[in-house]
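Participant: Fold the following and give me the result.
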Amino acid sequence: MSNQTESAGNSLPCAGVTVVEVAVGVSDLGLGMAGGVPGMMLADLGADVMRIVGTEPVPIDAAVAWGRAWHRDKRIVRTDDPDEIRRLLAGADAALVYGPEELVEQRGLGQRDLADAVPGLVYARCRPSRTSHGTVEDYALLVEANAGFCTQLAGHRPGPIFVNVHASDSGAALLLTASVLGLLRRRALTGRHGWAETSLYDGLLAPLGCMIGRSERAAPPIEDYWAKGSYFPNFLYRCADDELIQVWFGGKGMYAKLIEVLGDEPSTEGYYTDQVTGALNARARRWKSFFAADPRDDWITRLRQAGVACEPVLAPGEALAEPHLAEIGLAVPREECGHHDVVVGTPVSVHPRQVADPPHVPTAEQVDGIDDLLLCGVRVLDLSAFVAGPLAAQVLADMGADVIKVEPPEGEAMRAAAYAVAACQRGKRSLALDLTAPESRPVVERLIRWADVVVHNFRVGVAERLGVDEATVAALNPHAVYCHASAFGTTGPRAKLPGNDALMQAVTGLERAVGGPGNDPIGPTWIPIDMTGGWVSAVGILAGLYARATTGRGQHVTTSLLGAGMLLAGGVHQRDGKLVHGPELDPQQTGFGPGYRIYRAGDDNWFALVLPDHDAWARLRALPGIHELPDSYAPLRGGAADTEARRAEAVLEAAFAAEPADTWVTRLRGAGLLAEPIEPLDRDAFRRRVLDDPVNRRLGRVVAYEAFDWGRFEQLGRLLNWGPTPPGALNLALPGIGGHTIRILEELGFSAEEIDALLAAKVARQL
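Facilitator: Predicted coordinates:
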């Protein structure tokens, strides 16, 4: 079921599209969301989705219930016959293909084979991950261990941890979904097929744009962030009733309001000065005793009444019980085999606009060159700020769109956090314009008429005050794709509440998922929900552009940070009123059980181990020192074999502690087992591992260019990879504030005198 209500005469954007998932010989646990969520999202957007799986499921998946959510509304076909699979693909519009080379290419299911057999097929492939450190099979844990990602959060003990955020698989899922929608649009406009490919490693990089970068001569605080990370406090507090609350006061005036509610001494210098001088960190430590004085519900009431944003820290899936999620379509009820389920809905809503105007017909400019750049000729008006909205527009720029970034003459708020600008603004043109000034109105209206896409992430009600709301945009440009990337959704009881990454980590359960049961929560520092929200919004806009290409009608797209955060909860869902988590992290933050976790060896170094089936279990048991491992295959805790799994973990922990990690990895690999060493990496070493990898540079995962004030700047590049022709060259540059103002105003038809007047009145600014 979709999170959209289909009104009379309207249709979902992917109605009539047939999608086939080919997932033979791969694991739900290993691929995670990458193997199920693209098909789920396309089904929720109206596609008819068939999932082809092998006759024998991967044994480690037996106790993994996430598929109930990810594979809903798909027709499941079980077959190992390549001829039967090709027959089922014959009528498909798009194929999502997973698996190792020997099970895909050797069965004639590769892109080249199917291009001849199924003309017009859009083909998206999730390949095993490849860097200069080797090729890694499709298990997210192995990919993240090989990349060093397990070392990038401080856990509750020394050493690397199992980072339970679905980073690589959620990123790959969104890369695949965006690619399919972009290629479907190209086919609708040109009649030509195409392919795309990604990997769990590409997916891992997708949410890390605010974490990985390197500048030649940026100011020390900026370069220090890239090298060492942020020392900004988390503002997570334990209250008198032992419940936890997450506080945020990034909004205007919230800092002073929070101080007043707490009864702390007023700040004489203000928020930004206190942040720089360390006074803010001192207050954050002092406030622990303040919050410990009263229960959480009392604090939430008082803080919200004062206009300070806060959220309770919940466990994954707990928010599904909130009425707000049901109202906005993020909690979807279902009946299955006599059970009542509630699953997470797709966090994208796309509705066609009812217009009397003639259908939109793309110009030659918008079609010419579309083979090289999927969004060639598409014009995007980016009115957003912070991270999620700007990242969505940058994804569109990476696909070839012309993006105009509108920001205040003094620059948008996130210019102060230069790393966030670097991660979300590449490839755009900047127009510095005061949207609140009456003199800017003619400019705004011409921009709206110019645009194919209008995107913003203002709080609910702000767009109306600025005259850039959906109704106003529709009146000026009925064929535009309009996207509002909100915090809590555009309707419902929580619609007007402020939100950011930290608050969403709290309410969606991400902080507790990483911390592990019985431990204090841990908040990932690379703003994963903001970044995921950006990719989710890009997917929504691409669905809108595809719908416009097939129907000629403008589209209204809504997404939310809350929806992005709920998506990261994986396949957690309710069954008959109880939460079903699937595999859960242990308090030691090592993983899900003896067959899917990290182990400490005798030299205090760590490695990851995956035992996907009975044969792997038997081969491990045959190794010297492992003979006490139970006979029965019990790879995960929490199921019917929980006792055996825990006993197996104890045996393996003792055995692996007897020799160094390299010795064990060599021995395990020699037995044909899946093991990856975890190299101890600090933040700087982790970014160098990504930026200096020759394979990453060759594949365009890393780009370098001259940036304003920073000299040579290196960062993550375009992660979307498509064909049949290689993606064309892009504008690799970060725009300065108003760096393109005059040129854009000239393109919009303003005279030199009109432009001078706007500049003189400080309504507009040219860098």
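Participant: Let me see the contact set for the residue nearest to the spatial centre of the chain.
Facilitator: What sits nearest the mean C-alpha location of the chain, by C-alpha atoms, centre = their mean, is residue 532, with 2.4 Å. Going by C-beta atoms under 8 Å, 6 or more residues apart in numbering, residue 532 touches 170, 171, 174, 207, 564, 565, 567, 568. For every residue, glycine as well, the C-beta is placed using N, CA and C.
Participant: quick one: which helix or strand includes it?
Facilitator: Using DSSP states H and E, residue 532 maps to helix 528-551.
Participant: what do you get for residue 725?
Facilitator: With DSSP H and E as criterion, residue 725 is part of no helix or strand.
Participant: quick one: pLDDT of residue 731?
Facilitator: The model reports residue 731 with a pLDDT of 84.
Participant: no no, residue 161
Facilitator: 98.
Participant: Look at it and give its secondary structure.
Facilitator: Here residue 161 is recorded as coil under DSSP: H, G, I helix; E, B strand; the rest coil.
Participant: Could you give the separation of the helix holding residue 532 from the chain centroid?
Facilitator: Chain-centre distance of helix 528-551: 12 Å, with C-alpha atoms, centre = their mean, to the nearest Å.
Participant: Then stretch 742-754?
Facilitator: 37 Å.
Participant: do the same with stretch 633-649
Facilitator: That offset, for stretch 633-649, works out to 32 Å (C-alpha atoms, centre = their mean).
Participant: Same question for stretch 592-608.
Facilitator: 27 Å.
Participant: ok, now stretch 306-313?
Facilitator: With C-alpha atoms, centre = their mean as the basis, the mean position of stretch 306-313 lies at 24 Å from the chain mean.
Participant: Now it: buried residues?
Facilitator: 308, 309, 310, 311, 312, 313 (16 or more other C-beta atoms under 10 Å).
Participant: For the last one, report the pLDDT, please.
Facilitator: Per-residue confidence (pLDDT) for residue 313: 98.
Participant: In space, what's closest to it - neighbours in sequence excluded?
Facilitator: Nearest residue to residue 313, sequence neighbours excluded (C-beta to C-beta, 6 or more residues apart in numbering): residue 244, at 3.7 Å.
Participant: Show me the beta-bridge partners of the one you found.
Facilitator: residue 238 (DSSP bridges).
Participant: Please renumber the chain so that the first residue is 9 from this point on.
Facilitator: Taking 9 as the first residue, the last one we looked at is residue 252.
Participant: Give the next helix or strand downstream of the helix or strand where residue 452 lies.
Facilitator: Element membership for residue 452 (DSSP H and E) is helix 449-458. Downstream of helix 449-458, the first helix or strand assigned by DSSP H and E is strand 461-464.
Participant: Residues touching that next one, excluding its own?
Facilitator: For strand 461-464, contacts defined as C-beta under 8 Å, 6+ apart pick out 386-392, 397, 400-401, 404, 409, 456, 471, 476, 481, 485, 488-493, 545, 549, 552-553.
Participant: now stretch 319-333
Facilitator: 244, 251-254, 304, 308, 339, 350, 352, 496-497, 500-502, 511-512, 514-521, 529, 570, 574, 577-578, 580-582, 587-589.
Participant: So which of those are in strands?
Facilitator: Among the contacts of stretch 319-333, the members found in strands (DSSP state E) are 244, 252, 253, 254, 339, 350, 352, 581, 582, 587, 588.
Participant: Share the number of residues neighbouring the fourth one, please.
Facilitator: Put plainly, it is residue 254. 24 (other C-beta atoms under 10 Å).
Participant: And stretch 582-592, how far out from the chain middle?
Facilitator: 23 Å.
Participant: ah, wrong one, I meant stretch 423-433
Facilitator: With C-alpha atoms, centre = their mean, you get 17 Å for stretch 423-433.
Participant: So which bits of it are buried?
Facilitator: For stretch 423-433, by 16+ other C-beta under 10 Å, it's 423, 425, 426, 427, 428, 429, 430, 431, 432, 433.
Participant: and residue 711, what helix or strand is that in?
Facilitator: For residue 711, the host element (DSSP H and E) is strand 710-715.
Participant: contacts for that strand?
Facilitator: 223, 430, 698-699, 701, 704, 720-726, 740-742.
Participant: now residue 153: how far from residue 664?
Facilitator: 14 Å (C-beta to C-beta, to the nearest Å).
Participant: what does residue 553 give?
Facilitator: Separation of residue 553 from residue 664 (C-beta to C-beta): 51 Å.
Participant: Those two: which has the busier surroundings?
Facilitator: Neighbour count, other C-beta under 10 Å: between residue 553 and residue 664, residue 553 has more, with 29 against 22.
Participant: show me what contacts that one?
Facilitator: Residue 553 neighbours (C-beta under 8 Å, 6+ apart): 189, 193, 383, 386, 460, 461, 489, 563.
Participant: again, 6 Å this time
Facilitator: 193, 489 (C-beta atoms under 6 Å, 6 or more residues apart in numbering).
Participant: Now do the strands in the stretch 159-308 of the chain.
Facilitator: 202-207, 221-223, 244-246, 252-256 (DSSP state E, counting those that start in this stretch).
Participant: Now tabulate those strands in a markdown table and tack on distance to residue 648 and mean pLDDT.
Facilitator: Shown next, in a markdown table, are those (distance: least, C-beta to C-beta, whole Å; pLDDT from 0 to 100):
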| stretch | distance to residue 648 | mean pLDDT |
| --- | --- | --- |
| strand 202-207 | 34 | 97 |
| strand 221-223 | 47 | 96 |
| strand 244-246 | 36 | 97 |
| strand 252-256 | 33 | 97 |
